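[1] sequence first, then the predicted structure, then my questions.
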Amino acid sequence: MMKQKKQLIAFAVLVAVAAIVWFGQRGGPVVGSNRPGFIAENYQPLPVDNPALHWSEWDKARHTEYQSNGRNPFSAQAAPPVAPGSLTQTAQNNNGAGRFHPQGPMPAPPPQPPVWPGNVSFFGYGTVPNGTARLAFVSIDGEVQVLGQGDTLLGRYKIVQINNGNLEFQDISTGLSSTKALDADKAGAPPA
């Protein structure tokens, strides 16, 4: 009996709060919206010298035919950039629109990311107890070396960052970066 009374009181309080909120939202005016001509009073027309239709421009646009530049409009991949003036019209399709093909040398392929040396394995990482940066444990032809962030490996690779499962490194000569995953077969449990 007592539980039912508490439920009825809670229900009545909730209904009262909902009614207050509903009437408060419904009855409150939106700032400036109940004044007549509210929309029109802030309207400013665009600064156009002659608002009449420009029939010559409209006619020119209406008679323009689409000519493809070689890019597929249904692909998210952008067409490779071509220097201006290096396009020639090589074929005509049935509608008379030309197809364009680039002339000249093909662009060089992007440089390949650096490759981790085959005689080096990244088998673990750790930290010094006083909270310094992480250290990477690598083995070069069976010889263990401990490297920190910013150190060089074999005089060619700079250690950029030491993460939980990989090591980010940069080829000093090219400036290109890559990652090396932790060698799972040579790694023990990572130190705490």
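    Great, that's in hand.
[2] this protein: strands as residue ranges?
    Along the chain, counting by DSSP state E, strands occupy 87-92, 98-102, 120-127, 134-140, 143-148, 152-153, 157-162, 166-171, 177-181.
[3] most centrally placed residue in this protein?
    Relative to the mean C-alpha position of the chain, the nearest C-alpha, by CA atoms, centre = their mean, is the one of Ala76, at 13.9 Å.
[4] what residue ranges in this protein score low on pLDDT?
    27-39, 79-104, 186-192 (pLDDT under 70).
[5] again, 90 this time
    Judged by pLDDT under 90, the chain has its weakly predicted residues at 1-3, 21-156, 159, 161-167, 171-192.
[6] where along it do the helices fall?
    Using DSSP state H, the helices found in the chain span residues 2-27, 38-41, 55-62.
[7] quick one on the thing from earlier: out of the strands of the chain, nearest to Gln25?
    strand 157-162 (52.0 Å; CB to CB). In this view, the C-beta of every residue, glycine as well, is placed from N, C-alpha and C.
[8] and that closest one, how far out from the chain's middle?
    In this view, strand 157-162 has its centroid 24 Å away from the chain centroid, taken as CA atoms, centre = their mean, to the nearest Å.
[9] that one pairs with which strands, parallel or anti?
    Its sheet considered, strand 157-162 pairs with strand 152-153 (antiparallel), strand 166-171 (antiparallel) by DSSP bridges.
[10] dump the ones you listed to TSV, plus mean neighbour count.
    Putting these into TSV (neighbours: other CB atoms under 10 Å) gives the following:
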stretch	mean neighbour count
strand 152-153	16
strand 166-171	19
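[11] of all those, which one is nearest Pro109?
    Relative to Pro109, the nearest member of the strands paired with strand 157-162 by CB to CB is strand 166-171, separated by 17.1 Å.
[12] which residues touch the closest one?
    Outside strand 166-171, the residues within contact range by CB atoms under 8 Å, 6 or more residues apart in numbering are 114, 116, 122, 125, 136, 153, 156-162, 176-182.
[13] my guess is Val138 meets Ser121, correct?
    Yes: with the criterion set as CB atoms under 8 Å, Val138 and Ser121 qualify as a contacting pair; they are 6.6 Å apart.
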